[in-house]
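Engineer: Using only what follows, build the 3D model:
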Amino acid sequence: MSPQPFFSFVRPLAIVAFGGNALLRPEDSGALDVQQRRAEEAAAWLLPVLNRGYELIVVHGNGPQVGNLLLQVEASADRIPPQTLDVCVAQTQGSMGFLLQTALTNVLGRAGFRKEIITLVTTVEVDAADPGFQSPSKPIGPFFDRARAQELMKTHGWAMAEDAGRGWRKLVASPKPKSVLSTEIVAWLVNRGKIVIAAGGGGIPVVFDGSGEMRGVEAVIDKDYVASLLASSLSADLFIVLTGVAQVFRDFGKPSQQALASLTAAEARRLLGEGQFPKGSMGPKIDAAVRFVESGGREVLITNPESLTEALDRKNGTYVSAGAS
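Structural biologist: Numbering: from 1, shown residues only. Purely as a prediction, here's the structure:
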């Protein structure tokens, strides 16, 4: 259960979540100047939110970036000991935060905003007893041939499996977040007018043992769930999930496809249960939206960056709320 909101803000608060492919797309070379340009594009997406008077928290994904970092780790495995996934998440929080922080400073400055942007390396508590740790199922990182996979399983104790005939990949848990450990710091910064980039990549997953000691764990936390939890904890006025489509659809890709301008939490939960929203795409976003609303949140907007201005004017996008719109 999400913690009860206990923060208040002078101005309305919006939390925006978007994927790591915003800064690194499959067709991109990955060169730093390309990533910086993508970061400036992402920063420009946020202008309509600020223009409407919201304070802002940004939560980004990091899938492509962590994948590349793990490729680098494997390429140097004969010289440098492998890094654990929690450390890789921390590294991408810093590097991606820097790119976004620079881009936001420049883009907002050109638009007349004088806002300081802060990147917060954020830890997120997960449950050490989460069943995902017993049966890891989330594939990450590079593909390996069978021989290398068997060596890694033997020497590092990794769980691995063949992925769609393309090779073997490491498997990790994907637990739900329990709490964002820096929430109070985020609130303090927002109340002083700062834009905060927090919980990048879903946050650095940590657990606490019986004596209260904290340690990082190898896991992937879905960034939409963390953004939802953070939005609930801070009693955000609006939770925005940016994705690849302008609206959520019933029967997506079928002749009977229907755009959904609004959904109640109950309707969204029912359609989710009917399999309308696949686990690998829209499913987690809908589930995260419902969790926010069910915990007392006001509403969630799901749309793509190109439609955000229209969606904020309720001319596009899909709004999820407690009751009928």
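
Engineer: Give me the secondary structure label for residue 221.
Structural biologist: Here residue 221 takes the coil state, with states given by DSSP: H, G, I helix; E, B strand; the rest coil.

Engineer: One more: the one 5 residues further on?
Structural biologist: The three-state label given to residue 226 by three-state DSSP is helix.

Engineer: Which pLDDT value does the model give it?
Structural biologist: Looking at residue 226, its pLDDT reads 98.

Engineer: for residue 83, same thing?
Structural biologist: 86.

Engineer: Now do the phi/psi pair for it.
Structural biologist: When quoted as degrees, to the nearest 10, the phi and psi of residue 83 stand at phi -90, psi 150.

Engineer: Please apply the same query to residue 171.
Structural biologist: Dihedral angles (degrees, to the nearest 10) for residue 171: phi -110, psi 130.

Engineer: roughly how far apart are it and residue 156?
Structural biologist: 12 Å (Cβ to Cβ, to the nearest Å). Yep, even glycine has a C-beta here, placed from its N, CA and C like the rest.

Engineer: How about residue 211?
Structural biologist: In terms of Cβ to Cβ, residue 211 sits 27 Å off from residue 156.

Engineer: Report the contact partners of residue 175.
Structural biologist: Residues near residue 175 by Cβ atoms under 8 Å, 6 or more residues apart in numbering: 126, 127, 130, 132, 133, 205, 219, 221.

Engineer: Settle it for me: which of residue 171 and residue 156 has more neighbours?
Structural biologist: Neighbours around residue 171 and residue 156, counted as other Cβ atoms under 10 Å, are more numerous at residue 171. The numbers are 20 against 11.

Engineer: Correct me if wrong: the more buried one contacts residue 133.
Structural biologist: No: look at residue 171 against residue 133 with Cβ atoms under 8 Å: they stay out of range, at 11.1 Å.

Engineer: What strand or helix carries residue 287?
Structural biologist: helix 283-294 (DSSP states H and E).

Engineer: Flag every buried residue along that helix.
Structural biologist: The neighbour-count check on helix 283-294 (16 or more other Cβ atoms under 10 Å) flags 284, 285, 286, 287, 288, 289, 290, 291, 292, 293, 294 as buried.

Engineer: Just send those back as TSV, with distance to residue 68 and pLDDT too.
Structural biologist: Shown next, in TSV, are the buried residues of helix 283-294 (distance: Cβ to Cβ, whole Å; pLDDT from 0 to 100):
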residue	distance to residue 68	pLDDT
284	22	95
285	24	97
286	29	97
287	28	97
288	25	97
289	29	98
290	32	97
291	30	97
292	31	97
293	35	97
294	36	96
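
Engineer: Closest one of these to residue 122?
Structural biologist: Nearest to residue 122 among those: residue 288, at 16.8 Å, using Cβ to Cβ.

Engineer: Make sure the closest one is actually in contact with residue 232.
Structural biologist: No: if you go by Cβ under 8 Å, residue 288 and residue 232 don't touch, sitting 10.1 Å apart.

Engineer: now the helix holding residue 287, how far from the chain's geometric center?
Structural biologist: 13 Å (Cα atoms, centre = their mean, to the nearest Å).

Engineer: what do you get for stretch 212-227?
Structural biologist: Using Cα atoms, centre = their mean, the offset of stretch 212-227 from its chain centre is 12 Å.
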